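**Q** Predicted structure and sequence below. I'll ask about it afterward.
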Amino acid sequence: MSTSTRKSTTTSSDTNDCRKMTEEGEDESKKGNIYDYPLIDVDCNLIHSDLASLLPTSASTTTDSDSKFNSKYFNILHHPSTSQSNIRAMFVPSSTIDEAEEFHKVLSAQSDDADGDGDADRRNNIDLRMSVGIHPYHTSREEIGPCFEFDDCTTSTSDGEEDSNNSSSSNIQERIEALLKKDEQLQLRRYITCIGETGLDYSDGFPDREEQLPWFEFQLRLAKKYDMPLFIHERLAFDDTVRLLDSVFPVDSEIDDKEVEGTEEGCRDGSNTKIIRPPKVIIHCFTGKKEELKEYISRGYYISVSGYILKGGDGPNEINQCLKEGIIPLDKLMIETDAPYMGFKTCRETFYDIEG
């Protein structure tokens, strides 16, 4: 997911088909869900302005006198396209610390309520969880400055003088850790379940590789420090991604899952040998090659696929073939909308046309 604009065109056939589905969905809402099985969307960018602004504020988010529960981010949860899909939960990744702080404030407001479910109707009874992290799209020096070294939070320019952007970078890192600690202190439930959306993307329009790498490593070390899963965005950057993961989480062939889980305080058999837990990782919106996918699977990573597999052209052919061959174990396969991106062709223009 990035904030770059993606172009598409609308056809009358697409619009008519979508309008028919929406109208039928509104009628079916009185009968039940379209799908018998519950679904979890493991990447819905509710915080993104393009998604939050799609619908006007609904009655479900404005009728309550307690305004702390009112949120524009929940409006899309009440749309027929959401209600009829039997979605029970959504994971909402953060791209910046500003987004994370804003959405955490919205979610944690319900923890002030006696039973922790005060805004269930506003969420359309959809369980929401989130992450905290910096997306590779937002790692440019101009936007957030250079990343500090993780251990001492100091960095300098080539001539040894302190970089003028360091205060901004330091502040971001401090805010990320402060938000993690704030979430730990919630009484009824925690909402931040992993570090991300982090990773590497060497596509056109993204920051230079040298700007992305330090921020990715910082977030890997943060996940290691707090023993949290990672929500990773990787595109055209497989080699650097696995290299940094192996650097922060060294592979020890002698350690298996039972030894790791059964060892106290990270040491094997009470010795001073430090056990480094293998990271729990989701590679979201996978668009890479078959051999890369096999490597991720061999590491035990979860793989998420999106509407990318429905796109035209040759781009999704390889991942579609992997799905047909069953390379991804079902217990490692996840699905996502990556809304407001990665939908079917012309979906955004069609949505605007239908909604007026």
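**A** Okay, I see it.
**Q** Where do the strands of the stretch 201-350 of the chain begin and end?
**A** 230-235, 281-283, 302-305, 333-335 (DSSP state E, counting those that start in this stretch).
**Q** now these as a markdown table including distance to Thr82, mean neighbour count and mean pLDDT?
**A** From N, CA and C alone the C-beta is placed, and that goes for glycine too. Listed next are the strands of the stretch 201-350 of the chain as a markdown table, based on distance: least, Cβ to Cβ, whole Å; neighbours: other Cβ atoms under 10 Å; pLDDT from 0 to 100:
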| stretch | distance to Thr82 | mean neighbour count | mean pLDDT |
| --- | --- | --- | --- |
| strand 230-235 | 21 | 26 | 98 |
| strand 281-283 | 22 | 26 | 98 |
| strand 302-305 | 19 | 23 | 98 |
| strand 333-335 | 15 | 16 | 97 |
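**Q** Let me have those in JSON lines, extended by distance to Thr198.
**A** Written out in JSON lines, the entries for the strands of the stretch 201-350 of the chain read as follows (distance: least, Cβ to Cβ, whole Å):
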{"stretch": "strand 230-235", "distance to Thr198": "6"}
{"stretch": "strand 281-283", "distance to Thr198": "11"}
{"stretch": "strand 302-305", "distance to Thr198": "15"}
{"stretch": "strand 333-335", "distance to Thr198": "17"}
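**Q** which one of the ones you listed lies closest to Lys290?
**A** Comparison of those against Lys290 by Cβ to Cβ identifies strand 302-305 as nearest, at 12.0 Å.
**Q** and that closest one, what does it pack onto?
**A** Strand 302-305 is packed against strand 281-283, helix 290-298, strand 333-335, with contacts defined by 3 or more Cβ pairs under 8 Å, 6 or more residues apart in numbering; DSSP states H and E.
**Q** circling back to that earlier point, please name whichever of the strands of the stretch 201-350 of the chain is nearest to Met342.
**A** strand 302-305 (9.6 Å).
**Q** Can you give the contact residues for that closest one?
**A** With contact meaning Cβ atoms under 8 Å, 6 or more residues apart in numbering, strand 302-305 is reached by 42-43, 280-286, 293, 296-297, 319, 323, 328, 332-336.
**Q** can you do 6 Å?
**A** The contact list for strand 302-305 (Cβ atoms under 6 Å, 6 or more residues apart in numbering) reads 42, 282-284, 286, 328, 332, 334, 336.
**Q** tell me the SS of Leu179?
**A** Following DSSP: H, G, I helix; E, B strand; the rest coil, we place Leu179 in the helix state.
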